[in-house]
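# Mind folding the following:
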Amino acid sequence: MNEIFKNELEPKPKSQKETIIWIALIVILLVTIIFTPIFKSREIVITGKNAGNNVINLGKLGLIFPSGMKNKARVNLLFLGIPGENNSAPELTDSIIIINSDPKGKNPIGISIPRDLFVRYENYYTKINSLYKRGGIELITTAIYKVTGLEMDYFIVLDLQGVEKIIDRIDGIDVYVEEDIHDTAFPGPNNTYEVFSIDKGNQHLDGKTAIKYIRTRHQPGGDFSRIKRQQQVTSALKDKIFSLSPIWNMATVLNIWNTLNKHTYTNIGITDLRYAWNLAKKTDFNEIEFYTLSNQPNEEQLLVSAYVNSAYILKPRAGINNYEEIKKYINEIIQWN
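As a prediction, this is how the structure comes out:
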């Protein structure tokens, strides 16, 4: 299972329709939550007879094994967004989102976990956003199970440098900024701070600005406003990628693929690509129902704010390490859908 597998195919001449279908598959697998597999076990390289240096490297794909998803009522995909290299905390999970759907990717809902949630780690407590750095995917998925009662079937870890590059490759995205933002303490290089400002209204964002837009925290709503902006940028990115022509934008498509291949880590395998396809193709992020474990007015207040050694945290309303209310709430929203 640990050998690198190379499958060099010599394709027969294809019709234009077949070519479009093939390239469309690549495009559909390229949305943020999407799904370029690089779990270190298999590598697929496709070359044409006369391809020369024009090799399509589909990257390191997940483990090849029979999928057990068809026997499950609901499937859970964990999406983690990390800042990546050249950041002061490259492996802190700024985004923690669970996508819950049926095994065919239909009827998805989103559940956002605030990064400031206080959880137990060994003999003390810490914020949940530090667990991936401390113990990798296994540690954070174990903690999420304790909090939500949900076992993760799939995971995708995407560093935000990859998102920035992809947004630049598609010439930016358009979003509507709901309120003026002026953050004088946005994290800068070498543990410094800088100012980030953006005006309310329709804005066209390049990659660097988009990343700052989804990372800034110091305004009303804090982490919960940031979660909504993350969902907004995800939707705009999905729409822009799906608008690409699989023929005229071939170079862009392959550049996006290569970027994701370098900046994504996942366990989605070849046998599970149908699930990824359906989830990406059929999900309208403008309509998907997102739920957030929240302490905000007019929402299900499952969390309360507190300070520990001057650090802001969120803890369950029922008390630290008591997640029964949260599990009940999540179980109910899944049953509603």
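
# Do you have the helices of the stretch 151-300 of the chain handy? List them.
Per DSSP state H, counting those that start in this stretch, the stretch 151-300 of the chain carries helices over the ranges 160-169, 207-215, 222-242, 250-263, 273-282.

# Check which helix or strand Tyr307 maps to.
strand 303-308 (DSSP states H and E).

# show me where pLDDT drops low in the chain?
Low-confidence segments of the chain, defined by pLDDT under 70: 1-71, 86, 88, 220-223, 246-247, 270-271, 273-288, 294-300, 337.

# Let me see the domain layout of it.
Structural domains assigned to the chain are 16-164+236-336, 165-224+231-235, following automatic domain parsing.

# what would those look like in TSV with mean neighbour count?
Using the backbone N, CA and C atoms, a C-beta is placed for each residue, glycine as well. As requested, the domains of the chain are arranged in TSV below (neighbours: other CB atoms under 10 Å):
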stretch	mean neighbour count
domain 16-164+236-336	17
domain 165-224+231-235	16
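
# quick one on the thing from earlier: could the helices of the stretch 151-300 of the chain go into a markdown table alongside distance to Pro316?
Putting the helices of the stretch 151-300 of the chain into a markdown table (distance: least, CB to CB, whole Å) gives the following:
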| stretch | distance to Pro316 |
| --- | --- |
| helix 160-169 | 28 |
| helix 207-215 | 26 |
| helix 222-242 | 16 |
| helix 250-263 | 33 |
| helix 273-282 | 30 |
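
# Please list all residues in contact with the nearest residue to Gly201 once chain neighbours are set aside.
The shortest distance from Gly201 to any residue other than its chain neighbours is 6.1 Å, reached at Val177 (CB to CB, 6 or more residues apart in numbering). Going by CB atoms under 8 Å, 6 or more residues apart in numbering, Val177 touches Ile198, Asp199, Lys200, Gly201, Asn202, Gln203, Tyr213.

# I'd say the last one and Lys228 touch.
I take that to be Tyr213. No: taking contact to mean CB atoms under 8 Å, the distance of 11.2 Å between Tyr213 and Lys228 leaves them out of contact.

# For Glu325, which of the helices of the stretch 151-300 of the chain is the nearest?
Set against Glu325 and scored by CB to CB, the helices of the stretch 151-300 of the chain come closest in helix 222-242, at 18.0 Å.

# Tell me what angle that closest one forms with helix 160-169.
Orientation check (axes from the mean of the first three to the mean of the last three CA atoms, to 10 degrees): helix 222-242 against helix 160-169 gives 40 degrees.

# which strands and helices sit next to helix 222-242?
Other elements packing on helix 222-242 under the criterion 3 or more CB pairs under 8 Å, 6 or more residues apart in numbering; DSSP states H and E are helix 16-28, strand 95-101, strand 109-112, helix 160-169, strand 173-177, helix 207-215, strand 289-292.

# Met250 is nearest to which of these?
Here helix 16-28 is closest among the helices and strands packed on helix 222-242 (CB to CB), at 6.8 Å.

# Let's have the contacts of Val177 in a markdown table, adding distance to Gly172.
Written out in a markdown table, the entries for the contacts of Val177 read as follows (distance: CB to CB, whole Å):
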| residue | distance to Gly172 |
| --- | --- |
| Ile198 | 14 |
| Asp199 | 16 |
| Lys200 | 18 |
| Gly201 | 16 |
| Asn202 | 12 |
| Gln203 | 10 |
| Tyr213 | 12 |
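
# quick one: which of these is nearest to Leu92?
Distance ranking of the contacts of Val177 against Leu92, using CB to CB, places Tyr213 first at 18.0 Å.

# ok, that closest one to Tyr176 distance?
Tyr213 sits 11 Å away from Tyr176 when distances are taken as CB to CB, to the nearest Å.

# in what helix or strand does the closest residue to Ile320 other than its chain neighbours lie?
Once its chain neighbours are removed from consideration, Ile320 has its nearest residue in Phe118; the separation is 6.2 Å (CB to CB, 6+ apart). According to DSSP H and E, Phe118 maps onto strand 118-121.

# helices or strands up against that strand?
Packing contacts for strand 118-121, counted by 3+ CB pairs under 8 Å, 6+ apart, involve strand 124-127, helix 131-148, strand 311-316.

# Convert the C-alpha atoms of the shortest one to CSV, please.
As requested, C-alpha coordinates have been extracted for strand 124-127 and formatted as CSV (Å, rounded to 0.1, in the frame of the first residue of the first chain):
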residue,chain,number,x,y,z
TYR,A,124,-5.0,20.6,30.4
TYR,A,125,-7.3,22.6,28.1
THR,A,126,-6.6,24.5,24.9
LYS,A,127,-8.4,26.0,22.0
